[in-house]
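Q: Structure for the following, please:
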Amino acid sequence: MDISALLGGDIYSMLRDRSAKAKSRFSKERDDERALKERQTCLITAGKALGVPAEVLASLPSPEEIQARALQAQARERAARR
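A: Below you'll find the model as predicted:
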């Protein structure tokens, strides 16, 4: 059997079209603000599903605070090794 006849045309053309559509689905630029909003939405949704109070979620440290704490811990670890 002829596969191109089953698929209704030129297979390579269909694959090129599919590849072009796949490339346009994903953003080439990184949007930090949008990513942060998505994380916050997921955190709220997960908190509600698990029964975590909003006050607890609000008290979580910011990404900058987490990064600063990680750097401090690394510095303490390096100092302890000396």
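
Q: how far away is the spatially most central residue of the chain from residue 53?
A: In the chain, the centroid-proximal residue (CA atoms, centre = their mean) is residue 35; its distance is 7.0 Å. Going from residue 35 to residue 53 by CB to CB, to the nearest Å gives 25 Å. Glycine gets a C-beta too; all of them are placed from N, C-alpha and C.

Q: in the chain, which spans are helices?
A: Here the chain has its helices, by DSSP state H, at 3-7, 11-25, 32-50, 54-58, 63-81.

Q: In terms of mean pLDDT, which of those helices ranks lowest?
A: Across the helices of the chain, helix 3-7 has the smallest mean pLDDT, namely a mean of 65.

Q: Endpoints of stretch 55-64, how far apart?
A: End-to-end distance of stretch 55-64: 20 Å, with CA to CA, to the nearest Å as the criterion.

Q: hmm, who's touching it?
A: For stretch 55-64, the external contacting residues (CB atoms under 8 Å, 6 or more residues apart in numbering) are 43, 44, 47, 69.

Q: at 7 Å instead, please
A: With CB atoms under 7 Å, 6 or more residues apart in numbering as the test, stretch 55-64 has contacts from 43, 44, 47.

Q: Now find how far off-centre it is within its chain.
A: 19 Å (CA atoms, centre = their mean, to the nearest Å).

Q: buried stuff in that stretch?
A: When burial is assessed from 16 or more other CB atoms under 10 Å, stretch 55-64 yields no buried residues.

Q: Stretch 31-49 too?
A: Going by 16+ other CB under 10 Å, stretch 31-49 has these buried residues: residue 47.
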